[in-house]
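Engineer: Give me the fold of what follows.
(one chain, ligands or ions: 1)
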Amino acid sequence: MQLPFSTLSWQGELPGALRLLDQTLLPAQEVYIDLVRLDDVVDAIQRLAVRGAPAIGCSAAYGLVVGVQDLVDDSTAAVRARLGTVAPALIAARPTAVNLEWAVRRVLARLDALPADASGRLLVETALAEARAIEAEDVEQCLAMGRHGAGLLPREGARLLTHCNAGALATAGIGTALAPMYTAHDQGVPLMVYADETRPLLQGARITSWELTRAGIPVTLITDGMSASVIGSGRVDAIFVGSDRVARNGDVCNKIGTYAVALAARAHGIPFYVVAPLSTFDPESRTGADIPIEERDPDEVRAGALGAVAPSGVAVYNPAFDVTPAELVTALVTERGVLERPNLERVEGLLREGGRIA
Ligand SMILES: CSC[C@H]1O[C@H](OP(=O)(O)O)[C@H](O)[C@@H]1O
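Structural biologist: Residues are numbered from 1 along each chain as shown. Next up is the predicted model:
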């Protein structure tokens, strides 16, 4: 399926530019920005002009190229020295989505495998090739997650709920949590989707409802506080969410509010599916307690997209993510298939099959 917009792309060759759809302007404006400075790539990730674990992973990989492409005719030593500051700056942009660090370290590992006498040009060209490979793989992984997830939906139709945006605009492809919806819709399965608005930055209201409407999938926007009663009233057949980091035991870190949805799903016997590629799994995080949770600017809560909604001096706690324990997850949907009732043993088996651990 072809969606009528692009989250990210590399424009030109060398020098080139990372082109992003600036998601902070949605749904009012569709504005593409071409980034040729490292600081602008870091800023775009930090202010969520590009967001979503796979999308920021792809953007960070291209960010490495943006950061060194001016040295394409310089020495290997100069390129490697610059990478020593570029890579940490990108990794530090946002702490929770593991794809960001995973993508940067994958490109660096590819460069480390080059011969010691490789030219500066070969390093830069290889970084671009690896970033392009990461993007292309993400596109295919989204399609695979779409197929596996759509297989969970009855052909006669389903009423779904999702939280935040784990759609095409969170990836380089058709998305993670929304991929099964796009795929089932293409297969002729009648769907309707409840989209949580997802305060404070309203990714559900601004982006998920925009995406699904553009794709012709009926979407009903609800406030975050409505999720439990909508689930409990029998209006929802299944829930699909994305993830920013899956721990080794199957605990899932996702947008703040996801845990509450999972609790409501368990209370009412509704399947709770988490859709994520293996690049979002973190073998180094043994449980959800090991996952760093980003805390963002309090003003996002006091006066975010809606303008001032609270006294300017009121104290705010603004974690951008929460952790859903594995026991509340009905299944993890990955590009390699559906892993039901995730636990340490099952997730380690999946990671081993996928080559993420020995
Ligand atoms: C497929 S990753 C999508 C994931 O990322 C979102 O967070 P943010 O918008 O802050 O990047 C949210 O947790 C989504 O589920």
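Engineer: R132 - nearest residue in space that isn't next to it in sequence?
Structural biologist: Among residues not flanking R132 along the chain, W10 sits closest, at 6.6 Å (C-beta to C-beta, 6 or more residues apart in numbering). Glycine gets a C-beta too; all of them are placed from N, C-alpha and C.
Engineer: give me the element Q29 is part of.
Structural biologist: Taking DSSP states H and E as the definition, Q29 sits outside all helices and strands.
Engineer: Show me what from the stretch 151-300 of the chain comes close to the ligand.
Structural biologist: C164, A166, A170, T171, T176, Q203, V241, G242, D244, N254, K255 (C-beta under 6 Å from any ligand atom).
Engineer: okay, those in JSON lines with pLDDT, secondary structure and neighbour count next?
Structural biologist: Below are those laid out as JSON lines (pLDDT from 0 to 100; DSSP: H, G, I helix; E, B strand; the rest coil; neighbours: other C-beta atoms under 10 Å):
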{"residue": "C164", "pLDDT": "98", "secondary structure": "coil", "neighbour count": "31"}
{"residue": "A166", "pLDDT": "98", "secondary structure": "coil", "neighbour count": "31"}
{"residue": "A170", "pLDDT": "98", "secondary structure": "helix", "neighbour count": "30"}
{"residue": "T171", "pLDDT": "98", "secondary structure": "coil", "neighbour count": "30"}
{"residue": "T176", "pLDDT": "98", "secondary structure": "coil", "neighbour count": "34"}
{"residue": "Q203", "pLDDT": "98", "secondary structure": "helix", "neighbour count": "28"}
{"residue": "V241", "pLDDT": "99", "secondary structure": "strand", "neighbour count": "27"}
{"residue": "G242", "pLDDT": "98", "secondary structure": "coil", "neighbour count": "31"}
{"residue": "D244", "pLDDT": "98", "secondary structure": "coil", "neighbour count": "32"}
{"residue": "N254", "pLDDT": "98", "secondary structure": "strand", "neighbour count": "30"}
{"residue": "K255", "pLDDT": "98", "secondary structure": "strand", "neighbour count": "26"}
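Engineer: what's around the residue nearest to R132, how many residues?
Structural biologist: A count of neighbours around W10, defined by other C-beta atoms under 10 Å, yields 19.
Engineer: again, but for the one 5 residues further on
Structural biologist: P15 has 13 neighbours, counted by other C-beta under 10 Å.
Engineer: The nearest residue to it once chain neighbours are set aside: neighbour count?
Structural biologist: Leaving aside its sequence neighbours, P15 sits nearest to Q69 (C-beta to C-beta, 6+ apart; 5.0 Å). Counted by other C-beta under 10 Å, the residues lying close to Q69 total 22.
Engineer: so Q69 touches G16, yeah?
Structural biologist: Yes: counting by C-beta atoms under 8 Å, G16 is a contact partner of Q69 at 7.0 Å.
Engineer: Residues in contact with both of these two, list them for me.
Structural biologist: Counting by C-beta atoms under 8 Å, 6 or more residues apart in numbering, the contacts common to Q69 and G16 are L128.
Engineer: which stretches of the chain form helices?
Structural biologist: All helices of the chain, identified by DSSP state H, fall at 38-46, 53-68, 76-91, 98-112, 120-150, 179-186, 203, 209-215, 227-232, 258-267, 299-302, 344-353.
Engineer: one step back: so what's the residue nearest to P15 up against?
Structural biologist: Counted by C-beta under 8 Å, 6+ apart, Q69 has contacts L14, P15, G16, V124, L128.
Engineer: before we move on, what about A170?
Structural biologist: Per C-beta under 8 Å, 6+ apart, neighbours of A170: T7, R51, G52, A53, P54, A55, T176, G242.
Engineer: Mind checking which of the residues you listed are buried?
Structural biologist: Buried members of those, scored by 16 or more other C-beta atoms under 10 Å, are T7, R51, G52, A53, P54, A55, T176, G242.
Engineer: Quick check, the second one in contact with T198.
Structural biologist: Spelled out, it's R51. No: using C-beta under 8 Å, R51 is not in contact with T198, being 11.6 Å away.
Engineer: which stretches of this protein have low pLDDT?
Structural biologist: Low-confidence segments of the chain (pLDDT under 70): 305.
Engineer: just to revisit the earlier point, dump the helices of the chain to TSV, plus distance to A310.
Structural biologist: Shown next, in TSV, are these (distance: least, C-beta to C-beta, whole Å):
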stretch	distance to A310
helix 38-46	23
helix 53-68	28
helix 76-91	33
helix 98-112	30
helix 120-150	37
helix 179-186	34
helix 203	20
helix 209-215	24
helix 227-232	22
helix 258-267	21
helix 299-302	5
helix 344-353	40
